[in-house]
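Student: with the input below, show me the fold.
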Amino acid sequence: MKLYGMLDSPFVRRVAISLASQQIDFELIQLSVFSTFNEFSQINPVVKAPTLLLDDGTYLMDSTLILQYLEHQQKLRCFALSAQGYQLLGLILALAEKAVQYVYETQLRAEELQNPTWKKRVLLQAEKACQAIEQQIQDYPFNPKDQVCISLAIVWTFIQKKLTGLIAEVNYPHITQLQQQMEQTEVFQRYAYPQA
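Tutor: Numbering: from 1, shown residues only. Predicted coordinates:
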């Protein structure tokens, strides 16, 4: 199997770390949906990261669908979550989407074309997700192979790197503590967020 995408994407990094934490063999091929668009389109014409290319030539998109497919195929228990766990994972993935939307709006669109109302709304949605996660994560059991812990740490690192100063770590000590613990694990260091 080959995983296509860059590790600065929280969705690509989520798949890479999840697969590695379950000892699933794969090759990471770091192609960008921006700078290597044409090359990426030869693998997946939609040019969406992450893309997982299976040995039979089938390509899968969307981090959750990829992980659910592999869980079913490999008889894993990646998503053996309680209702609270699924609620948290939904909040975390919504936070990831909002963070990526904000980055796209502010870093890919010319400043004079940016929509200030949209930016404000997306940031508000991200803050609300952080507040709900912070409240709920306090009582959540820490497990370095758990999708809630993996996904939250990855998204929080992305936010601290790409939305610097917009969502303050100091306001979310439980999220920050979990992220710091996860980033120290071997698999997180093997698939580290790229340095600037």
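Student: so for stretch 60-78, what gets flagged as buried?
Tutor: Leu60, Met61, Ser63, Thr64, Ile66, Leu67, Leu70, Glu71, Leu76, Cys78 (16 or more other Cβ atoms under 10 Å). In this view, the C-beta of every residue, glycine as well, is placed from N, C-alpha and C.
Student: wait, stretch 158-175
Tutor: So for stretch 158-175, counting by 16+ other Cβ under 10 Å, buried means Phe158, Ile159, Gln160, Lys162, Leu163, Ile167, Tyr172, His174, Ile175.
Student: now stretch 73-92
Tutor: Neighbour-count burial for stretch 73-92 [16+ other Cβ under 10 Å]: Leu76, Cys78, Gly85, Leu88, Leu89, Leu91, Ile92.
Student: which pair in those residues spans the largest distance?
Tutor: Greatest spacing in the buried residues of stretch 73-92, by Cβ to Cβ: Leu76 and Leu91 (22.9 Å).
Student: so who does Glu127 touch?
Tutor: The neighbourhood of Glu127, defined by Cβ atoms under 8 Å, 6 or more residues apart in numbering, consists of Ile167.
Student: wait, a helix at it?
Tutor: Yes. Applying DSSP: H, G, I helix; E, B strand; the rest coil, one finds Glu127 inside a helix.
Student: Asn143 reaches Ile150, doesn't it?
Tutor: No. Counting by Cβ atoms under 8 Å, Ile150 is not a contact partner of Asn143; they are 9.2 Å apart.
Student: the worst-scoring helix or strand of the chain on mean pLDDT packs against which elements?
Tutor: Lowest by mean pLDDT, DSSP states H and E among the helices and strands of the chain is helix 63-74, with a mean of 92. On a contact count with 3 or more Cβ pairs under 8 Å, 6 or more residues apart in numbering; DSSP states H and E, helix 63-74 meets helix 10-21.
Student: elements contacting the helix it packs on?
Tutor: Packed next to helix 10-21, using 3+ Cβ pairs under 8 Å, 6+ apart, are strand 2-4, helix 63-74, helix 83-103, helix 147-162, helix 186-190.
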